[in-house]
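**Student:** Quick check, what structure comes out for this input:
(one chain, ligands or ions: 1)
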Amino acid sequence: MPEQPRSRRQTRAAILTHLLQSGGSFRPPLAKAVRLSEASLSRILFDLKAEGLIEEVRRPAPYVGGPTGLVSFDSAIALAALELTGQWLSVGVGGMAGEMHYTERVPLPKRPTVDAVSKVFREALILLRDWTRRRRIALAQIGITIPGLGRLSEFGNPIIPCDIERIGDMFGELFADVPVAFTNSVVAHATFHRCRTENYPFSDAHLFVFVGQGVAGAWMDDPIEDDALQPVELGHMVFGTDGPRCRCGHRGCVEAYASLPALAELLRVTEAELLQLGSEWATAIPLTSRVRQELRQRLFRLGLAIGNTLNVKPRRGVVISGWPSLLTDDDRKAVIEGIDACLLGGRKLAQVSVAFVPPSNGNDPQAALAFAAFCLARSGGMPAASTEAA
Ligand SMILES: [Zn+2]
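**Tutor:** The predicted model follows:
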């Protein structure tokens, strides 16, 4: 990568996002990763420490004569996380390393309206304010994830009705000095995996696909770039207008075939039962050959949607998270075959590698917490510009 001049914020952001993704680093590898001399790094670390953003803990060196101070985020940093799902709004407080200190769920009504969702947010915010006040905790960042949030949101959300501006005003009223960022759920799940998965498969630009309540994707790029995380609505690629109805209002979307609710229906269990079985479902639920065949067809379709997305914007890597990750190699081969079947030039020629990471649904609000941590890191710990949504 060519050397580019960086602002102070960008340099601090590079250090902090590296610490977030690595979970902590000794000085020499950190200096190398962010392309700084050890002397320059030292000056910046001094500031970050004084501001309460990082700490340096004595650790046995991994090599003889090596350094003994491990640089990581200050464990006192508190972040708030709010994650809206189809059933409830999760609210929590946690730290930069993903540890949760507090979580609560405020249920949504069966058929939520804009007013009802606003009311649920207010309730959650009051819980959050009371909890942090009692403990005299000052929040460094708030991260909020909303399914289906994207460029359409100014005209209303097609997945869960909510008015982001109205909700944003509530934060301004109850948490006036705390930076707040909203994002699409899939972006938050992508961030969660990028920051919390050991040996995450790609470090350069790639496509992340999440198969949960819905099917969605995110373009992942260098974390300090402005467009580091961009949602992509590949779940609403239509495969036949006579197909099953999708929650977006159309028929035959890949989501209507491959989402978790669609899988539950195929297996004749409830979605809650499926979630409860977790990674066990693939072995716990016996599959007839008809169901297995149907499953493969749906996975193939998912692969087609991913391949088509890559035709539009080529990327060398794809990470898939969600229920397909829990299947055997043999079963999920259908996804790869689907990608291969429509990707221009085929997967080999396009040099696309596919990796599966475990699902992260049902762990709310962990994804929102990871997103809040990402926002804080990317702002370089200089909150003025951290209000922009990713
Ligand atoms: Zn749809």
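
**Student:** that's a helix at I144, yeah?
**Tutor:** No: membership of I144 in a helix is not supported by DSSP: H, G, I helix; E, B strand; the rest coil, which gives strand.

**Student:** How about the contacts made by it?
**Tutor:** A81, L82, E83, L84, I167, V180, A181, F182, T183, A368 (Cβ atoms under 8 Å, 6 or more residues apart in numbering). (C-beta placed from N, C-alpha, C; glycine too.)

**Student:** Let's see which of those end up in helices.
**Tutor:** I167, A368 (DSSP state H).

**Student:** Spatially nearest residue to the residue of the stretch 251-390 of the chain found nearest the ion (excluding sequence neighbours)?
**Tutor:** Ranked by Cβ to the ion, the top residue of the stretch 251-390 of the chain for proximity to the ion is C253, at 3.1 Å. Nearest non-adjacent residue to C253, counting by Cβ to Cβ, 6 or more residues apart in numbering: C246, 3.9 Å away.

**Student:** wait, isn't the one you found in contact with A258?
**Tutor:** No: with contact defined as Cβ atoms under 8 Å, C246 does not reach A258; the gap is 10.8 Å.

**Student:** in the stretch 201-350 of the chain, which spans are strands?
**Tutor:** Taking DSSP state E, counting those that start in this stretch as the criterion, the stretch 201-350 of the chain contains strands spanning 206-211, 215-220, 229-232, 317-322.

**Student:** Save those strands as JSON lines, and put in mean neighbour count too.
**Tutor:** Formatted as JSON lines, the entries for the strands of the stretch 201-350 of the chain read as follows, by neighbours: other Cβ atoms under 10 Å:
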{"stretch": "strand 206-211", "mean neighbour count": "26"}
{"stretch": "strand 215-220", "mean neighbour count": "26"}
{"stretch": "strand 229-232", "mean neighbour count": "20"}
{"stretch": "strand 317-322", "mean neighbour count": "24"}
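
**Student:** residues touching A368, list them.
**Tutor:** A81, L82, E83, S90, G92, G143, I144, T145, A188.

**Student:** Could you point out the bridge partners of the second one in the sheet?
**Tutor:** What it means is L82. L82 forms beta bridges with V91, I144, as assigned by DSSP bridges.

**Student:** Is it in contact with V91, as I believe?
**Tutor:** Yes: using Cβ under 8 Å as the test, L82 is close enough to V91 to be in contact (5.1 Å).

**Student:** shared neighbours of the two, anything?
**Tutor:** Shared contacts of L82 and V91, defined by Cβ under 8 Å, 6+ apart, comprise A124, L128, P365.

**Student:** Settle this for me: the last one is touching T85, isn't it.
**Tutor:** No: proximity of P365 to T85 does not meet the contact threshold set by Cβ under 8 Å, at 9.3 Å.

**Student:** Which residues does stretch 49-57 contact?
**Tutor:** Contacts of stretch 49-57 with the rest of the structure, by Cβ under 8 Å, 6+ apart, involve 16, 19, 45, 48, 69-77, 381.

**Student:** in the protein, what spans have low per-residue confidence?
**Tutor:** The model of the chain has pLDDT under 70 over residues 1-5, 61-68, 151-156, 158, 384-390.

**Student:** Get me the contact residues on it for the ion.
**Tutor:** By Cβ under 5 Å from the ion, the residues of the chain that approach the ion are H236, C246, C248, H250, C253.

**Student:** What angle do strand 317-322 and the longest helix seen in the chain make with each other?
**Tutor:** Selection of the longest helix in the chain by residue count, based on DSSP H, yields helix 289-312. Relative orientation of helix 289-312 and strand 317-322, computed by axes from the mean of the first three to the mean of the last three Cα atoms, to 10 degrees: 140 degrees.

**Student:** can you state the direction angle for helix 289-312 and strand 206-211?
**Tutor:** With the same axes, to 10 degrees defining the directions, helix 289-312 sits at 150 degrees from strand 206-211.

**Student:** And helix 289-312, what's buried?
**Tutor:** 295-296, 298-310 (16 or more other Cβ atoms under 10 Å).

**Student:** what packs against that helix?
**Tutor:** Packed against helix 289-312, as judged by 3 or more Cβ pairs under 8 Å, 6 or more residues apart in numbering; DSSP states H and E, are the following elements: strand 206-211, strand 215-220, helix 254-258, helix 260-267, strand 317-322, helix 329-342.

**Student:** Looking at those, spot the one closest to A372.
**Tutor:** Within the helices and strands packed on helix 289-312, the stretch nearest A372 is strand 215-220; the backing value is 16.5 Å (Cβ to Cβ).

**Student:** what lines up beside that closest one in the sheet?
**Tutor:** strand 206-211 (antiparallel), strand 229-232 (antiparallel).

**Student:** tell me the SS of whatever residue of the stretch 1-150 of the chain ends up closest to the ion?
**Tutor:** Closest residue of the stretch 1-150 of the chain to the ion, Cβ to the ion: G148 (9.9 Å). On the three-state scheme (three-state DSSP), G148 is labelled coil.

**Student:** which residues are contacting the longest helix of the chain?
**Tutor:** Outside helix 289-312, the residues that touch it by Cβ under 8 Å, 6+ apart are 207, 209, 211, 215, 217, 232, 234-235, 237, 239, 254, 257-258, 262-263, 266-267, 287, 318, 320, 324, 327, 331-332, 334-344, 347, 350, 352.

**Student:** still on that earlier bit, and of the strands of the stretch 201-350 of the chain, who's closest to R12?
**Tutor:** Between R12 and the strands of the stretch 201-350 of the chain, the shortest separation by Cβ to Cβ is 18.9 Å, and it involves strand 229-232.

**Student:** Could you list the alpha-carbon positions for that closest one in CSV?
**Tutor:** As requested, C-alpha coordinates have been extracted for strand 229-232 and formatted as CSV (Å, rounded to 0.1, in the frame of the first residue of the first chain):
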residue,chain,number,x,y,z
LEU,A,229,-18.6,-0.7,6.1
GLN,A,230,-21.4,-0.5,3.6
PRO,A,231,-24.6,-2.6,3.8
VAL,A,232,-25.6,-4.5,0.6
